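Chemist: here is my input; please provide its structure:
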Amino acid sequence: MKLLFLIADGMGDWPLDALGGKTPLEAAATPNLDAMAGKALVGRCRTVPEGMAPGSDVANMALLGFDPAAHHTGRGPIEAAAQGLQLDPDDLVWRCNLVTVTNLGLNGKMRDYSAKHISTAAAEPLIRDLQKHLGDETFTFHPGVQYRHLLVQKGGALEDEAGLNVNPPHDITDKPIKPDLMTFSRSARLWDLLHGAAERLTAKTNKTKANSIWPWGQGRPLNLPDFRKTFGPRGAVISAVDLVRGLGRAAGMEVLEVPGATGLLETNYQGKVDAALKFLETGDFVFVHLEGPDECGHAGNAKDKTEAIARFDARIVGPLRQALGDEAAWMVACDHYTPIKEKTHTPDPVPFLFLAPGVQGSGLQAFSEALAGETGLFLEQGHGLLPWCLERMGK
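Modeler: As a prediction, this is how the structure comes out:
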């Protein structure tokens with residue numbers, strides 16, 4: 001039996017006055033999810049262990065069956081795995097955003113964590129310019145996707161920088177950057193790099209909104225157990241974002257390429273569906289990840305987030321259900337909440353539904369955060385969700 005994990009990143013939310021007291025999930029048109037909820041086991045799961053930051057890196061690692069408390073080293077190392085970077089055990093890998101700040105001073109604010117969603121084509125020359133002029137035997141810049149890039153610090157895991165706690169830029173949108181600048185100032189090397197990059201990025205030749213870098217989420221290189229040896233199924237991941245791709249690659253899974261997958265509201269939905277179905281002709285498990293709801297949550301845009309969830313239902317869930325029907329097993333969930341009111345992640349337990357042959361359903365009329373909380377089904381450890389599904393499939 002095939003097993004599909006369909007993950008709408010950041011889908012969970014809180015009731016909003018702008019939506020008549022509904023969450024975006026409740027307000028969205030989700031006929032496929034609602035129909036599945038009537039026959040599925042519906043509940044909640046804690047994807048973020050107590051004491052860990054509610055990042056997509058932590059939560060998606062848990063959804064793939066790996067305990068973040070045991071395996072997580074940082075956001076940067078996961079994305080380095082996606083790129084296949086050759087690293088030494090003591091290297092320190094930073095996620096390095098291109099961002100927009102009002103100014104890189106103590107009175108500055110984080111204006112946009114994504115430099116207005118800079119394109120990959122526009123971002124890559126900027127990163128390569130930073131490498132040419134600022135890269136050295138200690139720091140190297142590596143271009144990634146859109147605003148998401150990497151900074152590798154040679155041997156940095158043994159240096160003081162490994163212990164610096166910098167806020168993710170999406171956590172401080174429209175907030176002062178002074179606390180983080182004070183953190184950066186504890187490292188003369190990072191301080192010089194940050195200001196050197198700002199000098200390059202504020203040159204008149206740069207026509208984008210990126211005017212600073214933001215290194216954060218650092219850690220040693222990632223190592224994960226082999227997915228197939230650990231759980232049994234031959235698996236693949238489908239995502240536009242490097243962190244999910246990196247998790248898959250680190251676990252020995254196939255990483256399926258989908259041209260036109262952007263991680264935004266406008267993405268190649270059909271390409272993701274086609275890639276999943278093609279893989280499942282011979283494979284057993286596919287993890288289909290959609291970033292759109294999360295990005296809309298960070299933007300604080302309730303209308304777009306509602307639309308992103310509706311598209312997830314209509315363009316991902318619906319076509320896959322039509323193709324595979326009740327012969328497959330289905331897990332639909334989000335990795336974490338990204339509430340419109342907060343514009344960042346929160347560690348709320350996430351709603352999920354699990355549908356498989358022989359499973360006695362919860363009999364709900366719809367799929368929502370509130371209804372999932374009323375069933376009484378709760379999994380305390382997110383990394384136990386995949387084994388829980390496999391057990392109910394007789395695996």
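Chemist: all the strands of the protein, residue numbers only.
Modeler: Using DSSP state E, the strands of the chain run over residues 3-8, 41-45, 92-101, 110-112, 139-145, 148-153, 212-219, 235-238, 254-255, 285-290, 329-333, 350-355, 378-379.
Chemist: would JSON lines of those strands with mean pLDDT, mean neighbour count and distance to Lys132 be doable?
Modeler: All C-beta atoms are positioned from the backbone trio N, CA, C, and that covers glycine. Formatted as JSON lines, the strands of the chain follow (pLDDT from 0 to 100; neighbours: other Cβ atoms under 10 Å; distance: least, Cβ to Cβ, whole Å):
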{"stretch": "strand 3-8", "mean pLDDT": "98", "mean neighbour count": "25", "distance to Lys132": "38"}
{"stretch": "strand 41-45", "mean pLDDT": "98", "mean neighbour count": "23", "distance to Lys132": "46"}
{"stretch": "strand 92-101", "mean pLDDT": "98", "mean neighbour count": "27", "distance to Lys132": "15"}
{"stretch": "strand 110-112", "mean pLDDT": "97", "mean neighbour count": "22", "distance to Lys132": "25"}
{"stretch": "strand 139-145", "mean pLDDT": "96", "mean neighbour count": "20", "distance to Lys132": "9"}
{"stretch": "strand 148-153", "mean pLDDT": "97", "mean neighbour count": "25", "distance to Lys132": "14"}
{"stretch": "strand 212-219", "mean pLDDT": "97", "mean neighbour count": "25", "distance to Lys132": "14"}
{"stretch": "strand 235-238", "mean pLDDT": "98", "mean neighbour count": "25", "distance to Lys132": "33"}
{"stretch": "strand 254-255", "mean pLDDT": "98", "mean neighbour count": "18", "distance to Lys132": "29"}
{"stretch": "strand 285-290", "mean pLDDT": "98", "mean neighbour count": "28", "distance to Lys132": "33"}
{"stretch": "strand 329-333", "mean pLDDT": "98", "mean neighbour count": "25", "distance to Lys132": "43"}
{"stretch": "strand 350-355", "mean pLDDT": "98", "mean neighbour count": "26", "distance to Lys132": "43"}
{"stretch": "strand 378-379", "mean pLDDT": "98", "mean neighbour count": "14", "distance to Lys132": "49"}
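Chemist: turn these into JSON lines, including distance to Ala310.
Modeler: Shown next, in JSON lines, are the strands of the chain (distance: least, Cβ to Cβ, whole Å):
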{"stretch": "strand 3-8", "distance to Ala310": "11"}
{"stretch": "strand 41-45", "distance to Ala310": "19"}
{"stretch": "strand 92-101", "distance to Ala310": "29"}
{"stretch": "strand 110-112", "distance to Ala310": "26"}
{"stretch": "strand 139-145", "distance to Ala310": "25"}
{"stretch": "strand 148-153", "distance to Ala310": "26"}
{"stretch": "strand 212-219", "distance to Ala310": "31"}
{"stretch": "strand 235-238", "distance to Ala310": "20"}
{"stretch": "strand 254-255", "distance to Ala310": "27"}
{"stretch": "strand 285-290", "distance to Ala310": "12"}
{"stretch": "strand 329-333", "distance to Ala310": "14"}
{"stretch": "strand 350-355", "distance to Ala310": "16"}
{"stretch": "strand 378-379", "distance to Ala310": "27"}
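Chemist: quick one: closest of the ones you listed to Gly248.
Modeler: Gly248 lies closest, by Cβ to Cβ, to one member of the strands of the chain: strand 235-238, at 3.4 Å.
Chemist: residues in contact with that closest one?
Modeler: With Cβ atoms under 8 Å, 6 or more residues apart in numbering as the test, strand 235-238 has contacts from 64, 227-228, 244-245, 247-248, 251, 253-256, 258, 261, 272, 275-276, 279, 283-289.
Chemist: show me which of those residues are buried.
Modeler: The neighbour count (16 or more other Cβ atoms under 10 Å) marks 64, 227, 244-245, 247-248, 251, 253-256, 258, 261, 272, 275-276, 279, 283-289 as buried among the contacts of strand 235-238.
Chemist: hang on, isn't Gly300 packed against Thr344?
Modeler: No: contact between Gly300 and Thr344 fails when scored by Cβ atoms under 8 Å: they sit 9.9 Å apart.
Chemist: wouldn't Ala240 be in contact with Thr267 here?
Modeler: Yes: taking contacts as Cβ under 8 Å, Ala240 lies within contact range of Thr267: 6.4 Å.
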